[in-house]
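Colleague: Show me how the following folds:
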Amino acid sequence: MSQRISREELVTLYNIEINFFDELEASGLLRTETVDEVKYLYYEQLPAFERFVNWHYDLEVNLPGLEIISRLLEQIETLQAEKRSLFYNIQSREDQPRS
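Modeller: Here you go, the predicted model:
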């Protein structure tokens, strides 16, 4: 089982409002698991959670802004992966002996 941390612990540790966490979840920016009526966030999502908290509280980015930034970053990652794939494809074709 993956390690996880409860919503209540996160709210306390990061000194954030519980409704901010709930808004992140409702918008699809965070995926949680509920066990015995306690919401948990998996550790693998902590970096994204920390980014959202920093952007929201330090830079005053609102929820729609967080959604847009997140979507744009995902698109950049996809494009970078496609670029790497194309680069390796070209490299492998250039490395093949010619007839």
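
Colleague: Could I get the full set of helices for the chain?
Modeller: 7-14, 18-26, 46-53, 63-95 (DSSP state H).

Colleague: so what secondary structure elements neighbour the last one?
Modeller: With contacts taken as 3 or more C-beta pairs under 8 Å, 6 or more residues apart in numbering; DSSP states H and E, helix 63-95 sits against helix 18-26, helix 46-53. Bear in mind the C-beta positions are built from the backbone N, C-alpha and C, glycine included.

Colleague: re the thing from before, what about the helices of the chain, which gets the closest to E37?
Modeller: For the helices of the chain, the distance to E37 is smallest for helix 7-14, at 10.9 Å, taking C-beta to C-beta.

Colleague: just the angle between that closest one and helix 18-26, please?
Modeller: For helix 7-14 against helix 18-26, the angle by axes from the mean of the first three to the mean of the last three C-alpha atoms, to 10 degrees is 120 degrees.

Colleague: for helix 7-14, the distance to its chain's centre please.
Modeller: Relative to its chain's centre, helix 7-14 lies at 18 Å (C-alpha atoms, centre = their mean, to the nearest Å).

Colleague: buried stuff in it?
Modeller: Residues 7, 10-11 are the ones in helix 7-14 that count as buried (16 or more other C-beta atoms under 10 Å).

Colleague: quick revisit: of the helices and strands packed on helix 63-95, which approaches K39 most closely?
Modeller: helix 18-26 (7.4 Å).

Colleague: picking up where we left off before, same list, the helices of the chain, but as CSV with mean pLDDT please.
Modeller: Formatted as CSV, the helices of the chain follow (pLDDT from 0 to 100):
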stretch, mean pLDDT
helix 7-14, 97
helix 18-26, 96
helix 46-53, 96
helix 63-95, 94
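
Colleague: Relative to V35, which of the ones you listed is closest?
Modeller: Using C-beta to C-beta, the helices of the chain put helix 7-14 closest to V35, at 11.4 Å.

Colleague: Which strands and helices lie in contact with the closest one?
Modeller: Packed on helix 7-14, when contacts are counted by 3+ C-beta pairs under 8 Å, 6+ apart, are helix 18-26, strand 38-42, helix 46-53.
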